[in-house]
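Engineer: Got a sequence here, can you build the structure:
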Amino acid sequence: GPAPRRRARRPGLATRALRGLPALAIVLALVAAWELYATSGRVDELLLPAPLDVARALWDDRALLWENFTVTAGEVLLGIVVAAVAGLGCAVGIHISPTLRRAVYPLLVASQTVPIPIVASLLVVWLGFDLAPKLVIIGLVSFFPIAVTTLDALAGVDPELRRLMRTLGASRRFTFRHVEAPAALPGLFSGAKVAVAVAVIGAVFAEQSGSSAGLGHLVQQAIPQLLTARAYAAVLILSAFAIALFGVLSLVERRVLPWAFEPRGGRTE
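Structural biologist: Residues are numbered from 1 along each chain as shown. From the prediction side, this is the model:
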């Protein structure tokens, strides 16, 4: 008889580290070029501080940066949760109801044409300087990728599976729970990984429109005070935070959906 199919071996830690070397080399080259240009005298250090100056600001201002980072991180995490719940609910509703699709989907697309900086300022006027306007802005920019990728995943379920479930007499709820919902999970994670990047941007817009704390607020204060290295340090922390969130979601996705990463087909030996 045919030999049993052998599962693909996951790459070891050393192999995965080697795969990251090209990206690390590019980053180091860019930082070196930045350092050389910033210290060449061709640009004012107040406009472009050298990486070493940014590193020094990271250390010297660590308490101030950490205090403001915790504020922004809390806003981003809570905003992503709100966006995930709203995006998932919207995607499921649109998928199940054709009437809702016709009514809501155009509005879903239109929501991404709204200029966020202007809306952020208006929301601060309407809702005040507390957490509410920040959550609305973060949710607004993070909602769309989660909803759309989840909706596309639901629509991409094999029609033969749906037909089989109907043949077996399965209810619509049973089919959704056991066939469509599992198929939508990869789309949900893909949208969430995009959302964590734009959520940080939304948080900065919201804080710069009106707040008393947060890294966006810190950047807005540092630039007029000519503390450019501090502003760059805050931006670096925001970027590292978004990358960390992306990495955590990727790890969770591999744990929760290991079947989504298995190679299609398979070798027989």
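
Engineer: residues contacting residue 249?
Structural biologist: 189, 192, 193, 196 (C-beta atoms under 8 Å, 6 or more residues apart in numbering). All C-beta atoms are positioned from the backbone trio N, CA, C, and that covers glycine.

Engineer: cutoff 10 Å now
Structural biologist: 80, 189, 190, 192, 193, 194, 195, 196 (C-beta atoms under 10 Å, 6 or more residues apart in numbering).

Engineer: quick one: whichever strand or helix holds the fifth one to chain centroid distance?
Structural biologist: Take DSSP states H and E as the rule and residue 193 turns out to sit in helix 181-209. With C-alpha atoms, centre = their mean, to the nearest Å as the basis, the distance from the averaged C-alpha position of helix 181-209 to the chain average is 4 Å.

Engineer: what angle sits between the helix or strand following that helix and helix 181-209?
Structural biologist: Once helix 181-209 ends, the next helix or strand along the chain (criterion: DSSP H and E) is helix 215-222. Here the directions of helix 215-222 and helix 181-209 differ by 20 degrees (axes from the mean of the first three to the mean of the last three C-alpha atoms, to 10 degrees).

Engineer: Can you name every helix or strand that helix 215-222 contacts?
Structural biologist: helix 62-96, helix 181-209, helix 228-256 (3 or more C-beta pairs under 10 Å, 6 or more residues apart in numbering; DSSP states H and E).

Engineer: what is the orientation angle of it with helix 228-256?
Structural biologist: 170 degrees.

Engineer: Narrow the contacts of residue 249 to just the buried residues.
Structural biologist: 80, 189, 190, 192, 193, 194, 195, 196 (16 or more other C-beta atoms under 10 Å).

Engineer: farthest pair in those?
Structural biologist: Taking C-beta to C-beta, the two most distant members of the buried ones among the contacts of residue 249 are 80 and 190; they sit 14.0 Å apart.

Engineer: quick one: contacts for residue 230?
Structural biologist: 49, 53-54, 56-58, 60-61, 64-65, 218-219, 221-223.

Engineer: Any chance of a PyMOL selection covering the buried ones in those residues?
Structural biologist: Command for PyMOL that selects the buried part of those, burial taken from 16+ other C-beta under 10 Å:
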select buried, resi 49+53+54+57+58+61+65+218+219+222
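
Engineer: between the contacts of residue 230, which is nearest residue 101?
Structural biologist: Distances from residue 101 to these, taken by C-beta to C-beta, are shortest for residue 219, at 40.3 Å.
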